[in-house]
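Got a sequence here, can you model it:
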Amino acid sequence: MKDINRINRNTKAAAVLIFVTILLLISNYFMGLNSKKTNETIKAIYNDRLMVSHYVFQYTHAIYQIKETANTLKIIDFEKQQFILSRLKTIHQIDKKYLKTILTPDEKKQFRIFQNQCIAIQTQNKDKNWQKMSLLSEQSLGSLAILARIQVDEGKTALIIANALHDGNQFFAQFEIALYIILACLSAYLLVLKKMKVKIKIPENPSMN
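Prediction:
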């Protein structure tokens, strides 16, 4: 009877060992998934937030130059037109890079407003309406300020997600350590059982005598 109980303990230990191994595989899968999501989130923060913030800064610099040029009285109209036209070309070049990033619905809406303002500036540049252009430039700067705030807010959200994923990985890492300890204990237990010689004796039926 003791031998049978010993075999039952052996079987149960082996079953628990298999279960712990499965848990380790599941934990590894989720850790890998979290790591992938973390990398994607960090990449998105760089490509879609930090780089876009740089583009917004370039836009702002170009619009400030347009506004200053429109307000100055020391430059003739032709030179004003040519300089402002060159700044608008720079803005259009940045547009191509900006549109390659992932934009939120609010960001798309605000960016379209900014693009329409740039088109209006181009029209006023042809008409040499410097006062109207100065007003449009001020409005464009307001649109860019909103875009800049969107980058900050989205960046914070992405960072919160990245931190949550990192915390999840830490949890799974601690969980795995606990499982490895259990696995080591079970392995040691099974080794002890293996060293013990198990002999099962089936009692003879008395009627056979």
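
which of the residues in stretch 58-74 are buried?
By 16 or more other CB atoms under 10 Å, the buried positions in stretch 58-74 come out as Q58, Y59, T60, A62, I63, Q65, I66, K67, T69, A70. All C-beta atoms are positioned from the backbone trio N, CA, C, and that covers glycine.

count of residues packed around L50?
By the criterion of other CB atoms under 10 Å, L50 has 12 neighbours.

my guess is S140 contacts C118, does it?
Yes - the pair S140 / C118 is scored as a contact, 6.8 Å apart, by CB atoms under 8 Å.

Those two: which is more packed in?
Applying other CB under 10 Å to S140 and C118 shows that S140 carries more neighbours, namely 26 against 23.

Quick check: which element contains the closest residue to that one other than its chain neighbours?
In space, not counting the residues next to it along the chain, S140 is nearest to Q117; the distance is 4.4 Å by CB to CB, 6 or more residues apart in numbering. Taking DSSP states H and E as the criterion, Q117 maps to helix 105-127.

avg pLDDT for that helix?
Mean pLDDT, computed over helix 105-127, is 93.

and what of stretch 16-25?
Mean pLDDT, computed over stretch 16-25, is 73.

burial count for the residue nearest to S140?
For Q117, using other CB under 10 Å, the count is 20.

is it true that it touches Q139?
Yes - assessed by CB under 8 Å, Q117 is found in contact with Q139 at 5.7 Å.

got the buried residues for the helix holding Q117?
Applying 16+ other CB under 10 Å to helix 105-127 flags 107, 110-111, 113-115, 117-118, 120-122, 124-125 as buried.

Same check on stretch 93-108?
Buried-residue list, stretch 93-108, by 16+ other CB under 10 Å: D95, Y98, L103, E107.

Need the residues you listed in a markdown table (columns: secondary structure and distance to H54).
Compiled in a markdown table, the buried residues of stretch 93-108 are given as follows (DSSP: H, G, I helix; E, B strand; the rest coil; distance: CB to CB, whole Å):
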| residue | secondary structure | distance to H54 |
| --- | --- | --- |
| D95 | helix | 14 |
| Y98 | helix | 10 |
| L103 | coil | 15 |
| E107 | helix | 15 |
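
where do the strands sit along this structure?
Under the criterion DSSP state E, the chain carries no strands.

before we move on, back to that, out of the buried residues of helix 105-127, which one sits closest to A184?
A184 lies nearest to E107 out of the buried residues of helix 105-127, by CB to CB, at 51.7 Å.

I appreciate the help and will end here.
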